[in-house]
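Peer 1: I need the structure of the sequence given here:
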Amino acid sequence: MVTTPLPTLIVGGGIGGLAAALSVARAGREVHLLERAAEFTEIGAGLQFGPNAIRMLDRLGLLTELLDVAVLPRHGVMRHAITADPLTTLDLGGAFRERYGYPYVVVHRSDLLSILVEACRAEPLVRLENNRVVAEAWADEDSAGVRCEDGATYRAELLVGADGLHSVVRKLVSVDQPVPSGFVAYRGALPMSEVRTEVSNDDVVLWVGPGLHLIQYPVRRGELYNQVAVFRSDSFGRGDEQVGPVEELFGRFGEACEEVQRHVSRIETGRCWPIYDRDPLPTWVHGRAVLLGDAAHPMLQYLGQGACQALEDALALGEAVRGSGTDIGKAVKSYDTVRVPRAGLCQTRARLWGQVWHTGDPVTLALRDRYMRSRRPDDYSELDWLYAAESAVLSS
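Peer 2: Sure, this is the predicted structure:
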């Protein structure tokens, strides 16, 4: 088959890939994006976006559309999943927005994806192509390309692998394998009219306990209530073919307080997600191929930064392309220098936060709970490195 030559080729049409297409196109380069699915879809319901990600969406000109379908929670509330005792509250109101310049936002994944797809379709330099399953990728110092399962081939000056945890493009950079966390997740959303909660449904609520947590928040203008139940799975740890069966979910959360058990009893159980990440890489570049989003830095969910860091990647790649003119080699090196340390830090710190949430050690529990109860709702000192570090995102 004929090889299609392209200036920029992006593999993967998730949030990171679509945002990168917009960012690179607005830097003046034509972009062709390949998505394996017949339609652009996102699995799961809710996303949390800190100010660092909202800043990126504002730079893409999409903030107004996002806020039309999102929710701005008033607080982040942490409670003990076993005793139901309150542990701490984070004020997400005026003081938070003044400190970081943008709000904390929760949104349905498909709502954001729809916004990105429509923006890409309206961008003259972006072309989207579905039903393209990439089988292999190659890259050298002058060009890069992919071959699809149907034999179609594409050659590009710049190849961007935004193809997720099991990235084909990542194999150019590393032969590492996903790291199983031992935890699994059930997730879904209920109509808000069906939700009964003792905590304000305008808040992000996190219940933490030994080996488990439940997180809840409203999405889609407050019409839906998103829930994610996560627990350490014995079946996952053993390497069973079926991990996290429903009886294991209810058995594990059977130790929780009545309210948590009630919420978990309403969660969707049609699918269980084993949770993986990967170890940070020293580089995301191989010749003219670069990685982005989960292909570059899949991370555990405890900082709420998976999609946020993908958006930072997308804007940083566009800035690198704009600042390097026609020198793509310079652009990918600049992008690599800026993004690898920042995303790698998020990967490693997310693991630590997971350990803090899920600890069953009595001493660690006592120290954690004492610290959480002593902090003020407007104490943002633990968040500055994440939300206020704009200089680490778009410049070296």
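Peer 1: compute the first-to-last residue distance for stretch 67-84.
Peer 2: This stretch, stretch 67-84, spans 32 Å end to end (Cα to Cα, to the nearest Å).
Peer 1: same thing with stretch 29-36?
Peer 2: 23 Å.
Peer 1: so Lys330 sits in a helix?
Peer 2: Yes - counting by DSSP: H, G, I helix; E, B strand; the rest coil, one finds Lys330 located in a helix.
Peer 1: that one and Ser324 touch, don't they?
Peer 2: Yes - look at Lys330 against Ser324 with Cβ atoms under 8 Å: they come within range, at 4.2 Å. (Each C-beta comes from the backbone N, C-alpha and C, glycine too.)
Peer 1: who's more crowded, the two?
Peer 2: Using other Cβ atoms under 10 Å as the criterion, Lys330 and Ser324 rank with Ser324 on top: 17 against 14.
Peer 1: my guess is that one contacts Gly318. True?
Peer 2: No - look at Ser324 against Gly318 with Cβ under 8 Å: they stay out of range, at 11.0 Å.
Peer 1: who's Val208 bridged to?
Peer 2: On the basis of DSSP bridges, Val208 is bridged to His80, His213.
Peer 1: who touches it in this structure?
Peer 2: 78-81, 87, 357-358 (Cβ atoms under 8 Å, 6 or more residues apart in numbering).
Peer 1: Asp176 versus that one, what's the distance?
Peer 2: Distance of Val208 to Asp176, given as Cβ to Cβ, to the nearest Å: 30 Å.
Peer 1: cool, and Val338?
Peer 2: As judged by Cβ to Cβ, Val338 and Asp176 stand 22 Å apart.
Peer 1: likewise for Tyr217?
Peer 2: When distance is defined by Cβ to Cβ, Tyr217 is 33 Å away from Asp176.
Peer 1: quick revisit: looking at Val338 and Asp176, which is more packed in?
Peer 2: Using other Cβ under 10 Å, the more surrounded residue of Val338 and Asp176 is Val338, with 22 against 11.
Peer 1: so which bits of whatever helix or strand the more buried one lives in are buried?
Peer 2: Here Val338 sits within helix 328-358, counting by DSSP states H and E. Neighbour-count burial for helix 328-358 flags 328, 331-336, 338-340, 342-347, 349-351, 354, 357-358 (criterion: 16 or more other Cβ atoms under 10 Å).
Peer 1: list of residues touching the very next helix or strand once past it?
Peer 2: Per DSSP H and E, the first helix or strand lying C-terminal to helix 328-358 is helix 362-374. Outside of helix 362-374, the residues within contact range by Cβ under 8 Å, 6+ apart are 78, 80, 87-88, 210, 356, 359.
Peer 1: my read: Gly101 touches Arg55, true?
Peer 2: Yes - between Gly101 and Arg55 there is a contact at 6.9 Å, judged by Cβ under 8 Å.
Peer 1: all strands for the stretch 201-350 of the chain, in order.
Peer 2: Ranges of strands within the stretch 201-350 of the chain are 204-209, 212-219, 224-232, 273-277, 285-286, 289-291, based on DSSP state E, counting those that start in this stretch.
Peer 1: go through the ones you listed and pick out the most buried.
Peer 2: With neighbours taken as mean count of other Cβ atoms under 10 Å, these reach their highest mean count in strand 289-291, at a mean of 30.
Peer 1: circling back: between Gly101 and Arg55, who's got more neighbours?
Peer 2: Per other Cβ under 10 Å, whichever of Gly101 and Arg55 has more neighbours is Arg55, with 22 against 14.
Peer 1: what about that one, distance to Ala316?
Peer 2: For Arg55, the distance to Ala316 (Cβ to Cβ) stands at 12 Å.
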